[in-house]
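Visitor: Provide a 3D model corresponding to the input given below.
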Amino acid sequence: MSRYIQVVTTTGQKDDAERIARALVEARLAACVQIVGPITSIYHWRGAIETAQEWQCWAKTRQDLFAAIERAVAELHPYEVPEILAVAVVEASAAYRAWLEAELTSARPS
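Guide: From the prediction side, this is the model:
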């Protein structure tokens, strides 16, 4: 089942999250991107502990598309070091897998 993954990234602005989500779906790199937020993130950055309100994007896709998604997110993202993580999908319903595959059929790894 690890053929499918969810790619997560966070942004500081909802507009940025929506722009990234739309670009991934329009390019058929993701079948769906869910935007969650606002969330609170607490993290180390340049020697200090920071707290920020962020918006989280979860892109549903195939593992072979990760490199293309990574490039697209890095290009569109305003952060100097954006979070771009892939989480394996361990199980999914047959109907959902079929929908994912149908939506991603024209996507080509690069």
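Visitor: can you pull out the strands in this protein?
Guide: 4-11, 32-45, 48-62, 85-88 (DSSP state E).
Visitor: CA atoms of the longest helix seen in the chain as PDB?
Guide: In the chain, with assignment by DSSP state H, the single longest helix is helix 14-26. The C-alpha atoms that make up helix 14-26 are tabulated as PDB, following Å, rounded to 0.1, in the frame of the first residue of the first chain:
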ATOM      1  CA  LYS A  14      -4.100  30.600   4.500                       C
ATOM      2  CA  ASP A  15      -3.700  32.200   1.100                       C
ATOM      3  CA  ASP A  16      -0.300  30.500   0.700                       C
ATOM      4  CA  ALA A  17      -1.800  27.100   1.700                       C
ATOM      5  CA  GLU A  18      -4.600  27.600  -0.800                       C
ATOM      6  CA  ARG A  19      -2.200  28.600  -3.600                       C
ATOM      7  CA  ILE A  20       0.000  25.600  -3.000                       C
ATOM      8  CA  ALA A  21      -3.000  23.200  -2.800                       C
ATOM      9  CA  ARG A  22      -4.500  24.500  -6.000                       C
ATOM     10  CA  ALA A  23      -1.300  24.300  -7.900                       C
ATOM     11  CA  LEU A  24      -0.700  20.600  -6.800                       C
ATOM     12  CA  VAL A  25      -4.200  19.600  -7.800                       C
ATOM     13  CA  GLU A  26      -4.200  21.500 -11.100                       C
END
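Visitor: in it, what counts as buried?
Guide: Of all the residues in helix 14-26, those buried under the rule 16 or more other C-beta atoms under 10 Å are 16-17, 20-21, 23-25. For every residue, glycine as well, the C-beta is placed using N, CA and C.
Visitor: shaky segments in this structure?
Guide: Along the chain, segments meeting pLDDT under 70 span 1-2, 107, 110.
Visitor: next, count neighbours for Cys57.
Guide: 26 (other C-beta atoms under 10 Å).
Visitor: surely it and Gln34 touch.
Guide: Yes. With contact defined as C-beta atoms under 8 Å, Cys57 reaches Gln34; the gap is 7.3 Å.
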